[in-house]
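[1] One predicted model, sequence on top.
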Amino acid sequence: MPNIGIPGLIIILIIALIVFGPKKLPQLGRAVGETLKEFKSSTKDIVDDVAEEFRLEDKETVTKKNI
């Protein structure tokens, strides 16, 4: 994905202001922020679960090799 840069970001913000209006823009920003926060939390939970599974598999492998 190419870099947007400052001019591109300003154009996107102006278009969003025109489309959604000044009253809805803060609500939209808040909703996007909450969605990203939830996505980040869910992703972290999944990564933690997968890492735990790998740790359990490694312990089982070491235990089997020692027997």
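    Sure thing, it's come through.
[2] Check the offset of the helix or strand harbouring Val62 from the chain's centre.
    Here Val62 sits within helix 5-66, counting by DSSP states H and E. Here helix 5-66 is found 1 Å from its chain centre; the criterion is CA atoms, centre = their mean, to the nearest Å.
[3] what is the mean pLDDT for that helix?
    Across helix 5-66, pLDDT averages out at 88.
[4] Nearest the geometric middle of this protein, what residue?
    The residue lying closest to the centre of the chain (CA atoms, centre = their mean) is Lys40, at 3.9 Å.
[5] Please determine how far it is located from Phe54.
    With distances taken as CB to CB, to the nearest Å, Lys40 is found 21 Å from Phe54. C-betas here are computed from N, CA, C, even on glycine.
[6] Now do Val19 against Glu34, distance only.
    Counting by CB to CB, the gap from Val19 to Glu34 is 20 Å.
[7] Contacts only, for Leu17.
    If you count contacts by CB atoms under 8 Å, 6 or more residues apart in numbering, Leu17 has them with Leu25.
[8] Pull the number of nearby residues for Phe20.
    14 (other CB atoms under 10 Å).
[9] Isn't it up against Pro26?
    No. Phe20 is beyond contact range of Pro26, at 9.7 Å (criterion: CB atoms under 8 Å).
[10] residues touching Pro22, list them.
    Applying CB under 8 Å, 6+ apart to Pro22 gives no contacts.
[11] ok, now how distant is it from Ile14?
    Distance, Pro22 to Ile14, by CB to CB: 12 Å.
[12] before we move on, what about Arg55?
    Taking CB to CB, one finds Arg55 at 49 Å from Ile14.
[13] try Ile4
    With distances taken as CB to CB, Ile4 is found 13 Å from Ile14.
[14] Also Leu36?
    22 Å.
[15] ok, now Val32?
    According to CB to CB, Val32 stands 17 Å off from Ile14.
[16] and Asn3, which of the three is it?
    Classification of Asn3 by DSSP: H, G, I helix; E, B strand; the rest coil places it in coil.
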